[in-house]
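S.K.: Show me how the following folds:
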Amino acid sequence: MSDMGDPYATPTDRRPFSLIQAVASGVFLLLVVTGLLFWFVIRVEVNPDKLLVYVNKTGKRLPAALTDEFGDQVVLYPELVSRIAAATGESEDAVRVGYKGIRYRVLGEGRYFPNPYSIKPVTLDATIIQQDEMGVLIRKFGKPLPYPKTVATEPDERGPQAEILTPAKHYVNLLAYDVQRFKAARISEGHVGVVTLLSGDDPKTKNTYTVQPGEKGVQSETVPPGLEYYNPYLKQIEIVDVRSHKYDMLGADAIQFPSSDSFTIAIEGTIEWALRPEHVARVTVEYGNESDILNKIILPNARSISRIQGSKLSAREFISGKTRTAFQDLLLQELRRECWSQGIDIKSALVRDIKPPAEIASLISQREQADQEIERSTNQMEEARSESLLVEQQELQKQNGALGDARREVVTTVQQAKQRKVISVTQAQRELEVARLELEAAEKLAMAIRATGQAEANVILFNYSARAEPLKRAVAAFGDGTTYAQQFFLKKTAPSIRSVLSNTDGPFAEVFKQLQTFKTTSPKGGAE
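M.R.: Alright, predicted model coming up:
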């Protein structure tokens, strides 16, 4: 179609175009095929909870110089890679890639494109340890464990590792390790765990039931209640009950012994006991479990003490309640003392029943009943006496109460009278004090008035004295008062008379003028 459309095109013009197009198409097709190959064949998707391990299918083998030491190893673990690199002079990265075997490192979630010719990708599940379990890694590579080790403590030792996998998700190379799962030790309340180390230092002190921390053997320290995770290859935990235990000695298990009068006595009772917490490990190793402790320590001591103490009493004495109580207290005291040093705490030793021989049981019972009847009568008499004393005390208490009330009333009245007396005396003293103060004020006021009057009188007296003194002297000068009075009168009247006589204008002169006028105007005969 293109040739017919272009009449000027030549064959030489069309061939280069076709070759280029073919090459480009080939390259494109190769890229597409390569991309599809990588994406659908080579591509490895690692999802969550998965991991990827590379296995080198091609490469070198372990050098002959290391074959005797490491044997036929298939895992390229770090210690082996370091030794190969040191022996050959290659880098550690080159050893990991260039030698056949399982690569040690794991790859987590993601997308990977390994070389399909030299690498085999292996997808593994992640190791998930549940809450109530633990995991122990069993190393498949390395040197065999030397005797007597039970766990691998060196990085190039084969076997169980000391570290454990706790509850979680772990990415473990399962081509290089096995994972063994164990249930965690669930120690309930009232229990402890006795630990025995299977691997550790040899004990410094030999022939002991427990050893020091870190030494191989039973540890003195116990594990408290809870969920304990541990390595079963490294240690063992035995759960021991430290709560109180009861053992009933009934029927065939009753303690039998002869009395002092050769009668066989059977005692039924109950013993309550518990392990001392600080001696749990030693007692467990020395004696065994709960049944062993009971049969080896508690019951032999209880029987021995009962026989020794019981042989001191007669059969009749075991019927008495007081003797039974005393025997029970003595049994508890002695049994507690004997067992305490052996790590056992005796809580109680209760004697439930004491069975004397049948041939004397009825006689002793009758006598005991008579004694009990006498004791009951005596108790009744004591109760009656106590009741009479109680009634007497109640009446006396009532009498004392009435007397006390009367005394309280008298005391109250007296106290009230005393209080009123005190109030009255206080008020009278206050009024007396007020009156005394008023009297003192009046006296002081009177004294002030008297002093003022006396002062005024003295002033007047002094004034008159001052005025009388010159008069007194003047009178004394004339000899007597009459002479002075005449002189004083004349001295006072003389100027007035002179004035009257010399003044024609005054009233006294008018009198004389009238007399003169009267003389002039009168008849002659009248004048005469």
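S.K.: chain center to the longest helix belonging to the chain: distance?
M.R.: In the chain, with assignment by DSSP state H, the single longest helix is helix 358-478. Centroid separation between helix 358-478 and its chain, computed with Cα atoms, centre = their mean, to the nearest Å, is 56 Å.
S.K.: Same check on stretch 140-149?
M.R.: In terms of Cα atoms, centre = their mean, the gap separating the centre of stretch 140-149 from the centre of its chain is 51 Å.
S.K.: where does the closest residue to Lys149 other than its chain neighbours fall, helix, sheet strand or coil?
M.R.: Distance criterion Cβ to Cβ, 6 or more residues apart in numbering; nearest residue to Lys149, sequence neighbours excluded, is Ser199 at 6.2 Å. C-beta here means a position set from N, CA and C on the backbone, and glycine is covered the same way. Secondary structure for Ser199, judged by DSSP: H, G, I helix; E, B strand; the rest coil, is coil.
S.K.: going forward can the numbers begin at 782, since that is how I track them
M.R.: Sure thing, new numbering starts at 782, so read that last one as Ser980.
S.K.: How many neighbouring residues does Ser980 have?
M.R.: Ser980 has 16 neighbouring residues, counting by other Cβ atoms under 10 Å.
S.K.: pretty sure Leu1094 is in a helix, no?
M.R.: No: with the criterion set as three-state DSSP, the secondary structure at Leu1094 is coil rather than a helix.
S.K.: is it true that it touches Pro1039?
M.R.: No: the criterion here is Cβ atoms under 8 Å, and Leu1094 misses it with Pro1039 at 10.7 Å.
S.K.: The two - which one has more neighbours?
M.R.: Leu1094 (17 against 13).
S.K.: Go through stretch 926-944 and flag the buried ones.
M.R.: Leu926, Thr931, Val932, Ala933, Asp937, Glu938, Arg939, Gly940, Pro941, Gln942 (16 or more other Cβ atoms under 10 Å).
S.K.: now the third one: how far from Tyr952?
M.R.: Pointing back at Val932 there. From Val932 across to Tyr952, the span is 22 Å (Cβ to Cβ, to the nearest Å).
S.K.: again, but for the second one
M.R.: Look at Thr931 and Tyr952: by Cβ to Cβ, they are 26 Å apart.
S.K.: So for stretch 961-969, mean pLDDT?
M.R.: Stretch 961-969 shows a mean pLDDT of 95 in the predicted model.
S.K.: quick one: contacts of that stretch?
M.R.: Taking contacts as Cβ atoms under 8 Å, 6 or more residues apart in numbering, the residues outside stretch 961-969 that touch it are 910, 913-917, 919, 941, 974, 1004-1011, 1013, 1018, 1020.
S.K.: can you give me the offset of it from its chain's centre?
M.R.: A distance of 33 Å separates the C-alpha centroid of stretch 961-969 from that of its chain, computed with Cα atoms, centre = their mean.
S.K.: Send me it as CSV with only the CA atoms.
M.R.: Extracted as CSV, the C-alpha positions of stretch 961-969 are listed here (Å, rounded to 0.1, in the frame of the first residue of the first chain):
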residue,chain,number,x,y,z
GLN,A,961,10.7,-26.4,69.8
ARG,A,962,7.6,-25.1,71.7
PHE,A,963,7.0,-25.7,75.4
LYS,A,964,4.3,-24.6,77.8
ALA,A,965,5.3,-21.9,80.3
ALA,A,966,5.2,-22.9,83.9
ARG,A,967,2.0,-21.5,85.4
ILE,A,968,2.6,-21.2,89.2
SER,A,969,-0.6,-20.6,91.0
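S.K.: tell me which residues in that stretch are buried?
M.R.: Judged by neighbour count using 16+ other Cβ under 10 Å, the buried positions of stretch 961-969 are Ala965, Ala966, Ile968.
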